[in-house]
Each structure stands twice: as structure tokens, then as C-alpha cells.
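*Asks:* Okay, predicted coordinates and the sequence, questions at the end:
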Amino acid sequence: MAKNIIISAVKGTREFYPEAMALRNYLHQKVRQASEAFGYQEWDAPYIESLELYAAKSGEELVKKQSFTFEDRGGSQVTLRPELTPSLARMVAKKQRQLAYPVRWWSFGPFWRYERPQKGRSREFFQWNIDMLGPDSPEADAELIAVAAKFMRGVGLAPNLARIYVNNRRLMDAKFDELFISEDMRLAVSNLVDRRSKMKAEAWAKYALEMGLSQTQLDGLIVILENKELWKESEDLVRLFTALEALGVSDYVEFDPNIVRGLLYYTGTVFEAFDLSGGVRRAILGGGRYNNLLADVGGDPLSAVGFAMGDVVVGIVLDENDLLPNFSDSPAPVMMTLFDDNLQIESLKLAAEVREAGINVTMYPKVKNLGKQFKFADKIGAKIALVLGPDEVENAQVAIKSLTSGTQVLVTRAQVPEEIQKMLASD
């Protein structure tokens, strides 16, 4: 007889067993707390979008190589959303004259990209997106960076474990002008800067010369990238760091001229948070100011600043630093035991009464000796077990056992919720 074959999950997707789901919910909770602390509203967009929406902004590689695209039954080309910014642009443009500015929106939802799965990267991921639309100021940029810092502080990532590095597009453009780096070379030079930490110095310099930089330009670029005081030449960055100090998060933030993420897309401040706890510096989140938000979807010009954070890397970082929350197999702190079949209905009634009092209760499904039931309750993380045997029924009482201390008390049925709350409070 042939063995049953278990069909595997689609490559690059994720299966959320209860413990993984608990982490996902925890991140969602912490994201919500950080966002709402600054007055941001939760929103979301469709998970399936027209492929046309991404064609203008996102570039050919994302549209043709990294997106999960297909033709629907009506013949339209659609895709599982690979990012959220185009949807944000469309939705804001649609009600641009009705919204109250500044708009502060955040979202935490699923995205899909057809990439090579590896540690820290999957084809299916959840992402926090948060944006402020309307103001164009370093103080607005500082608020978004402060939101990111509040999240990191909220999950236990102290400044020695994670840091936010900041740069400015206009500052770098000014420095590129001084080096006579032409406009058509800016993207290549930005990519070159991004590769600097990933290559050996000699190989990086050779690559720079091969791509068309002169030795004088290369020497000047290195001076710029090693100048940690360069931010003082930027009025925007001076104001930004002053605001960050006032917001109480300056210990999380540092200037780094090597941060160039998408300098052709961003128009001002750019920032990226990195994990510093391991041997490899891993990006946790990133974003910046992008003031061309609505141009590609027909809206009026509108300033914007925001960032995004995937759940995969930050989950790994929290795990490696022992910062994951304690996981309980059951959301119910109380288990109703089953003494015998004759008392099953009465036990169901008692469980219902405790739930009506606002306490989660799970129930053992069949009769076994109480010792085994207590062990199961302990295994699933229950703190208290209720026992309703013939003696308890005859005396209109319930036995309540603390699985933490091992103590047991007899109380009247009406006293059960109050006694449970006392036991839970003392654990």
C-alpha cells in the first residue's frame, strides 16, 4: 500500500504555526503601538492590483522579474502586490481634496515578491508601511524616524543592538556636483556607494574606475563617504538632529554618508535601521522623503515621508537576541477538567459561566485521570485547573487548583471568577 504523500507548501511561502503566528501578532501589536503613539491611522489596500499600477514607479525589474503576475478570467494583467506605495498614491490621489493634512497612515499586511528564498528573505512576507503626507520639513522627517526608534525600543532593541543611519539626497547631490559627477552617472554611483560595505576596498576602487569615475572623482568620493561631520553642511540635517534630540531618540540615530537608498527616488532625508548585534549588519527598515508621490497616478504634487519594515529580518534579530515574547500554547489561562461522563454537561455549564465573566477557558475533551489532565493543562500554558466532581456538585462548590503553586481551594460556584482573578494576579 502506497504511503500518503504530503503536498508541500509553495516555495517561498510561510506556514504560521501557533508560535509563529504569536510572533506575527506581537509585531503587529508593537507596530500599532508605535504608530498610534504619534497619531497615525491604520489603513490597507487590495492584495491584488493591476500590473499597470506598478509599471511607472517601480521599474521593469520589479514588474517583470519579481512580481507574481497572472491574467485574470477577464483578460486583465494583475499581480499580488509587491509593495504598497503605488496603492497609497492611487488612494490618496482619489480623495486628495477631501483628506485632512497632514495625513498620517500606517499599515501591516502581506506582500509577495518572486525572489530567491534565503535566510531573512522569503517570497511572502508581512510589512509595516507608515507615511506622513503633506508637510515638507526636517521636523516631519524626524517624526518618522522617532516612530521607528519607538518601535525598536518597544521590542527591546536598545541603541547598542540597532541603530538608524541618516543621510540626505540634496546634500549628496551637492557633493556629486562638486566632483563633476554627471546626472546620468548618479544611479551608478549610488549603487557603487551601496556596495562599498560589501566589497574589499581594492575591489571596490577598481570597480569604481571601471564604471567611469576618474581617480580624482574616486578620491573625492572616498573623502565624502568617510566624513562623519558632513551633516553639519546641510541645514536640513542640522534641523533634523535638533528635532530628534527634542523627541528623545537621538541615541538611536547617527549620520552616515554611505546611506544612499534609492537616491533617484528619494528627494531629501533618507534613513535605514541596521541590526548591530551580530557579525553581519542587516537592514531592519528603511525609508525617507519622497516628494513625487502622486506624479505617476495623475494627482497634484504632494510631499511625503515614510518607511517600510518587513517582518522576517526583525523576527530573526529578536530571536537571536532572546527578545521574543513568551509563547503560551493556549490563550486560555484556565482549563476545565472533566471528572466523568455524568458530569460533562455540568462542567460545560461551569466553563460557560466563567467565560461570561470575561475569563478564557479551555476544556479537556474526554475523561482521563486528573493527574494527566493537570499535566496537559500545564503543557499548554494554562495557569489554573477547575475540578467539578461529585463531592463538589453535592456541596455546590468548585475546586480551583493553581498549576503554578500547586495550591488548591474550594469555593462556591458564584465565587469562582473572583478566585480565579486572585490566583492569576498572584502568579
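*Replies:* Right, received. Where do you want to start?
*Asks:* Any regions of the stretch 251-400 of the chain where pLDDT drops low?
*Replies:* Low-confidence segments of the stretch 251-400 of the chain (pLDDT under 70): 262-264, 296.
*Asks:* List the contacts of the longest helix seen in the chain.
*Replies:* Looking across the chain with DSSP state H, the single longest helix is helix 18-37. For helix 18-37, contacts defined as C-beta atoms under 8 Å, 6 or more residues apart in numbering pick out 14, 16, 42, 106, 108, 126, 128, 130, 147-148, 150-151, 154-155, 309, 311, 314-315, 318, 324-325, 327-329. Where you see a C-beta, it was placed from the backbone N, CA and C, and this is true even at glycine.
*Asks:* What subset of those residues is buried?
*Replies:* Taking 16 or more other C-beta atoms under 10 Å as the criterion, what is buried in the contacts of helix 18-37 is 14, 106, 108, 126, 128, 130, 147-148, 150-151, 155, 309, 311, 314-315, 318, 324.
*Asks:* And the chain, what are its domain boundaries?
*Replies:* Domain assignment for the chain by automatic domain parsing gives 18-320, 334-426.
*Asks:* possible to save those as CSV with distance to Ile5?
*Replies:* Shown next, in CSV, are these (distance: least, C-beta to C-beta, whole Å):
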stretch, distance to Ile5
domain 18-320, 22
domain 334-426, 30
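*Asks:* Is it correct that Asp131 falls within a strand?
*Replies:* Yes - applying DSSP: H, G, I helix; E, B strand; the rest coil, one finds Asp131 inside a strand.
*Asks:* Skipping adjacent residues, who's closest to it in space?
*Replies:* Closest residue in space to Asp131, ignoring its immediate chain neighbours: Gly306 at 3.2 Å, by C-beta to C-beta, 6 or more residues apart in numbering.
*Asks:* Quick check: what element follows the longest helix of the chain along the chain?
*Replies:* strand 41-42 (DSSP states H and E).
*Asks:* other SSEs contacting that next one?
*Replies:* Other helices and strands packing on strand 41-42, by 3 or more C-beta pairs under 8 Å, 6 or more residues apart in numbering; DSSP states H and E, are strand 103-112.
*Asks:* So which bits of the strand it packs on are buried?
*Replies:* 103-109, 111-112.
*Asks:* Pick the one among those closest to Leu276.
*Replies:* For the buried residues of strand 103-112, the minimum distance to Leu276 (C-beta to C-beta) is 24.4 Å, reached by Phe108.
*Asks:* And the closest one, how far from Ser330?
*Replies:* Distance, Phe108 to Ser330, using C-beta to C-beta, to the nearest Å: 25 Å.
*Asks:* can you check Lys368 too?
*Replies:* Distance from Lys368 to Ser330, by C-beta to C-beta: 17 Å.
*Asks:* Which residue of the two possesses the greater neighbour count?
*Replies:* Shown here are Lys368 and Ser330; by other C-beta atoms under 10 Å, Ser330 has more neighbours (16 against 13).
*Asks:* if I've got this straight, the more buried one is in a strand?
*Replies:* No - Ser330 is assigned coil when assessed by three-state DSSP, not a strand.
*Asks:* for the record, mean pLDDT for the longest helix of the chain?
*Replies:* Taken as a whole, helix 18-37 has an average pLDDT of 96.
*Asks:* Next, the angle strand 103-112 makes with that helix.
*Replies:* Angle of helix 18-37 versus strand 103-112, following axes from the mean of the first three to the mean of the last three C-alpha atoms, to 10 degrees, is 160 degrees.
*Asks:* and helix 18-37, which residues are buried?
*Replies:* 22-23, 26-27, 30-32, 34-35.
*Asks:* ok, those residues vs Met423, which is closest?
*Replies:* Using C-beta to C-beta, those come closest to Met423 at Ala22, 23.4 Å.
*Asks:* ranges for the helices of the stretch 251-400 of the chain?
*Replies:* Assigned by DSSP state H, counting those that start in this stretch, the stretch 251-400 of the chain shows helices spanning 311-320, 344-356, 370-379, 390-394.
*Asks:* Of all the ones you listed, which one comes closest to Leu240?
*Replies:* Of all the helices of the stretch 251-400 of the chain, it is helix 311-320 that lies closest to Leu240, at 23.8 Å by C-beta to C-beta.
*Asks:* Would you confirm that Arg104 contacts Gly134?
*Replies:* No - at 9.0 Å, Arg104 does not count as touching Gly134 under the criterion of C-beta atoms under 8 Å.
*Asks:* Would you list the phi and psi of Leu410?
*Replies:* Main-chain torsions, Leu410, degrees, to the nearest 10: phi -110, psi 130.
*Asks:* Am I right that it is in contact with Gly389?
*Replies:* No - Leu410 is not in contact with Gly389 according to C-beta under 8 Å; the separation is 10.9 Å.
*Asks:* Tell me the residues that contact both of those two, please.
*Replies:* Shared contacts of Leu410 and Gly389, counting by C-beta under 8 Å, 6+ apart, come down to Ala399.
*Asks:* about what we covered before: hey, which of the helices of the stretch 251-400 of the chain is tucked in deepest?
*Replies:* helix 311-320 (a mean of 18; mean count of other C-beta atoms under 10 Å).
*Asks:* gap between that helix and the chain center?
*Replies:* 10 Å (C-alpha atoms, centre = their mean, to the nearest Å).
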